[in-house]
Every structure is written in structure tokens, then in C-alpha cells.
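Asker: sharing a model prediction with you, sequence too.
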Amino acid sequence: MKKLAGSYEALFSRRALKYKALGLKDKALTEKDYRNYILEEYTFLKRPVTITSNKIFIGSEKKTLEAMKKEV
């Protein structure tokens, strides 16, 4: 997923409740940090994630869902 998304940051959800609880919004996170948080706590993975043969669609923004519908 990281390879298709381009970075772990693109897969990371800042809406997770623990994001504020852990004070992550005040920290400068690295790619390694994003990866570790996603692996430790599934709520840090932005959802939904849809993978087609060569594209990835991350999140529930209207433009993302429209692009996904066109691809599928």
C-alpha cells in the first residue's frame, strides 16, 4: 500500500481519536513514525482503502470516491 500511495503519511489518519490523545498534532512525525503508528494501532490507517490493479484510493473524500467509481 505504501508503494502505491507514495508515503505512509498518505495512509495516516489524523482523525483517529488517539491522534489528539497522544499529542501527535504537536509533533513532527517522520515516515518511520507514521509507519509505526499505523502498525501499532489500526485506527491510524485512513479508511476506506481500495486497491485496483495499479491504483490506490485512500479516504472518503468526495473526489476520491468519484475517482474510485470511475476506475472500478
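Answerer: Nice, I can see it.
Asker: pLDDT at the nearest residue in space to residue 59 that is not next to it in sequence, what is it?
Answerer: In space, residue 59 comes closest to residue 46 once its chain neighbours are excluded; the distance is 5.1 Å by C-beta to C-beta, 6 or more residues apart in numbering. Using the backbone N, CA and C atoms, a C-beta is placed for each residue, glycine as well. You'll see residue 46 listed with a pLDDT of 96.
Asker: just give me the residue closest to the centre of this structure.
Answerer: The centre of the chain sits closest to residue 11, judged by C-alpha atoms, centre = their mean, with a distance of 1.9 Å.
Asker: that residue touches residue 45, doesn't it?
Answerer: Yes - counting by C-beta atoms under 8 Å, residue 11 touches residue 45, with 6.0 Å between them.
Asker: intersection of neighbour lists for those two?
Answerer: Shared contacts of residue 11 and residue 45, defined by C-beta atoms under 8 Å, 6 or more residues apart in numbering, are found at residue 38.
Asker: can you pull out the helices in this protein?
Answerer: For the chain, the helices defined by DSSP state H occupy 2-5, 17-21, 31-40, 62-71.
Asker: reformat those helices into a markdown table and put distance to residue 54 next to each item.
Answerer: What follows is the helices of the chain, written out as a markdown table (distance: least, C-beta to C-beta, whole Å):
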| stretch | distance to residue 54 |
| --- | --- |
| helix 2-5 | 8 |
| helix 17-21 | 30 |
| helix 31-40 | 22 |
| helix 62-71 | 9 |
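Asker: just name the most buried of the ones you listed.
Answerer: Of the helices of the chain, the one with the most neighbours on average (mean count of other C-beta atoms under 10 Å) is helix 31-40, at a mean of 15.
Asker: pLDDT on that one, on average?
Answerer: On average, the pLDDT along helix 31-40 is 97.
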